[in-house]
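Enquirer: below are the sequence and a predicted model for it; my questions follow.
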Amino acid sequence: MCGIVGYIGTREKKSLLLHGLKELEYRGYDSAGLAVLEQEELHVFRATGKLKNLEHACKDFVSEGFGVAIGHTRWATHGKPTEINAHPHTATFSSVIHNGIIENYQEIKQNLMDKNVVFCSQTDTEVIVHLFEENLKETSHTLEAFKKTIHSLKGAYAILLITQEAPKGIYYAKQGSPLVIGQGPDGIYFSSSDAPLIGYATHVCYLEDGAIGFMDNDSFSSLSDIKTLNSNRLYAQKEGFRYFMEKEIYEQHKVLLETMMGRMDEEEVYFEEINDDFFTDIQRITICACGTSYHAALSASYLFERIAKIKCNVAIASEWRYKEPIVEHDELFIVVSQSGETADTLEALKNIKTQGLKTLAICNVDNSSIVREADTTLLTRAGIEKGVASTKAFATQMMVLWMLALYIGQKKETISKEESKKERAIMLRAIEAAKVLPQTHEKIRRLSKRYLHGHGFFFIGRDIFYPLALEGALKLKEISYLHAEGYPSGDMKHGPIALADSNLFTIALMPRNLLYDKVKSNVEELAARDATICAISSLELEVADDIIILKEHSSYMEEFFEMMVVLQLFALEVSIRLGNDVDMPRNLAKSVTVE
Ligand code: AGP
């Protein structure tokens, strides 16, 4: 995810910004840039790739005396990771950096182009700085022009803007993306997280949504809710959570909004990345992936068939390669990958391309090998995921796949306008359902102490909750090293039930809105064999030893996203109690680039 830093004061600004950006490197980025405004001159430097390239680009520049400065690391969402698309974006006398997504940028861009404004980049961000300068033609009041600009934007943003028209400070705005302002003995600091401010600022203000203003050396005390800055750097990177995995579980509802942003309106789901005729000749889909990404793919196959009424086959990438699969000319090959570097998935993709199929990647890392290889890509926009056990990557993959199912349904007219509207409303509610509830987390934390022994775990569910059960079992085994398997609950009687006794822990996924009674019968069969049952449901269950109560949702997809969070937290808490390294479990790597 993009990173923002800013500074007002007399310190050497270039090295200060570079230091700040280094502190944000852990968030991932593919280009970087900075702008310094001092003695009325605006100096802008940008480079693709790592920060050392930016350092090289501005090696002969040193800033002296009082000035203002902004710096940015970009994780591409609109437009490729090129130097032209890197921030800051500059118009005639102002520069801007931005995190988030401006949903209505195309409309703004078109209006500005009609007034002969020339754009250089493919980004949504560039509209901000041009619109600001355009608004300044109508008022001499810079803050007014800035506010007017911000009020025209739809979407999520943390924005810093500097301009020769007001060289003593920085304009800022925050909506949906984090932004912190700090004060230290040598000036005022800005950042998208507090890690870069440690050692510089003593006090900070975490801006609330809707914050908008102009900050100079004298305005910090006018901010409300100023706090003393905690000086532990790793703590700051983890934003107060014990583990990156925990932080990533908690931020899922926020990144899901980013996943959705600019891809849905009142009328429909749309993807700028996909040509209008992309699905015209497509009659079937194969999705290929590994691990958690495979579970997202398998879950999505239910949605593709149910919503888009399109035949969908799902394959484990390592199995696909040597199977000599028969493919049809009207088949779309989708690969799903967080890293974009998984060797098995990449090779399956390369292999299928030799057979001339259309390909689509669903990936979190732009410019990764899989993205470069595929015909088209939909980025999941989860931001960098540090925990080896994938959480927010899964959530965002699910959302993109679900939206894609709806998109195909719209194109193929297998879903009515009314149903499509309902589905989009459910999507928004599902994001809300992915928000961690403190009482649920606490309940899982307490409950976890009862699930540290036994000879194994069965995670069971039906329909789309079966792949979610697989994912729950994978999460648990990855970080707790306990034996866990996922099964379709209806399949227990065909063999696995032989393992049932009081030391077999069954985690039962029991959505009230999908096949509840069927799963209940399967759970009762296990309970009759004395298996220990932990049910996850919004309905009470007499035979359950434990129950994790969900909210009363009206659709199964809301239940899906809430249960996903419950399963992730369950694995996390069991692992913590066992004293394991949650973020770096034994024997596993974040990116598996070998066969
Ligand atoms: C998930 O928790 C895993 N660590 C693993 O299964 C992962 O999903 C798999 O290796 C695929 O990775 P990818 O999404 O980067 O392709």
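Expert: Received the coordinates, thanks.

Enquirer: verify the stated contact: I370 with E347.
Expert: No. The pair I370 / E347 is not scored as a contact, 10.4 Å apart, by CB atoms under 8 Å. Bear in mind the C-beta positions are built from the backbone N, C-alpha and C, glycine included.

Enquirer: the more surrounded of these two?
Expert: I370 (24 against 17; other CB atoms under 10 Å).

Enquirer: confidence score at the more buried one?
Expert: Looking at I370, its pLDDT reads 94.

Enquirer: any buried residues in the helix or strand that contains it, and which?
Expert: Assigned by DSSP states H and E, I370 belongs to helix 369-373. Neighbour counts using 16 or more other CB atoms under 10 Å place S369, I370, V371, E373 of helix 369-373 among the buried residues.

Enquirer: who are the neighbours in contact with the second one?
Expert: Listed by CB atoms under 8 Å, 6 or more residues apart in numbering, the contact set of I370 reads V335, S337, G340, E341, T342, T345, L346, L349, A361, C363.

Enquirer: next: N104.
Expert: Contact analysis of N104 by CB under 8 Å, 6+ apart lists S152, L153, K154, G155.

Enquirer: may I ask which of the residues you listed has the most neighbours?
Expert: Most surrounded of the contacts of N104: other CB under 10 Å gives L153, at 23 neighbours.

Enquirer: about what we covered before: now secondary structure too, for the contacts of N104, in TSV please.
Expert: Below are those laid out as TSV (DSSP: H, G, I helix; E, B strand; the rest coil):
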residue	secondary structure
S152	coil
L153	coil
K154	coil
G155	strand
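
Enquirer: which of the residues you listed sit farthest apart?
Expert: Put simply, by CB to CB the two of those set farthest apart are S152 and G155, 11.0 Å from each other.

Enquirer: re earlier: hey, C-alpha coordinates of the helix holding I370 in PDB?
Expert: Taking C-alpha atoms only, helix 369-373 is exported to PDB below (Å, rounded to 0.1, in the frame of the first residue of the first chain):
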ATOM      1  CA  SER A 369       5.500 -12.400 -13.000                       C
ATOM      2  CA  ILE A 370       1.900 -13.600 -13.100                       C
ATOM      3  CA  VAL A 371       0.500 -10.100 -13.800                       C
ATOM      4  CA  ARG A 372       3.100  -9.700 -16.600                       C
ATOM      5  CA  GLU A 373       2.200 -13.000 -18.100                       C
END
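
Enquirer: C-terminal to that helix, what's the next element?
Expert: strand 376-379.

Enquirer: what's next to that next one, contact-wise?
Expert: Here strand 376-379 has contacts from 76-77, 271, 273-275, 278, 359-364, 366, 371, 400, 404, using CB under 8 Å, 6+ apart.

Enquirer: list the buried ones in stretch 398-409?
Expert: Quick answer for stretch 398-409 (16+ other CB under 10 Å): M398, M399, V400, L401, W402, M403, L404, A405, L406, Y407, I408, G409.

Enquirer: err, stretch 32-39, not the other one
Expert: In stretch 32-39, counting by 16+ other CB under 10 Å, buried: A32, G33, L34, A35, V36, L37, E38.

Enquirer: so the second one sits right up against G71, yeah?
Expert: Right, the one you point to is G33. Yes. Contact between G33 and G71 holds when scored by CB under 8 Å: they sit 7.1 Å apart.

Enquirer: show me what from this protein comes close to the ligand.
Expert: Counting by CB under 6 Å from any ligand atom, the residues of the chain close to the ligand are 290-293, 337-339, 342, 345, 388-390, 478, 588, 591-592.

Enquirer: quick one, which of the residues you listed are buried?
Expert: Counted by 16+ other CB under 10 Å, these give 290-293, 337-339, 342, 345, 388-390, 478, 592 as buried.

Enquirer: next, format those residues as CSV and append pLDDT and secondary structure.
Expert: As requested, those are exported to CSV (pLDDT from 0 to 100; DSSP: H, G, I helix; E, B strand; the rest coil):
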residue, pLDDT, secondary structure
C290, 97, coil
G291, 97, helix
T292, 98, helix
S293, 98, helix
S337, 97, strand
Q338, 95, coil
S339, 91, coil
T342, 92, coil
T345, 96, helix
V388, 92, coil
A389, 96, coil
S390, 97, coil
E478, 95, helix
V592, 81, coil
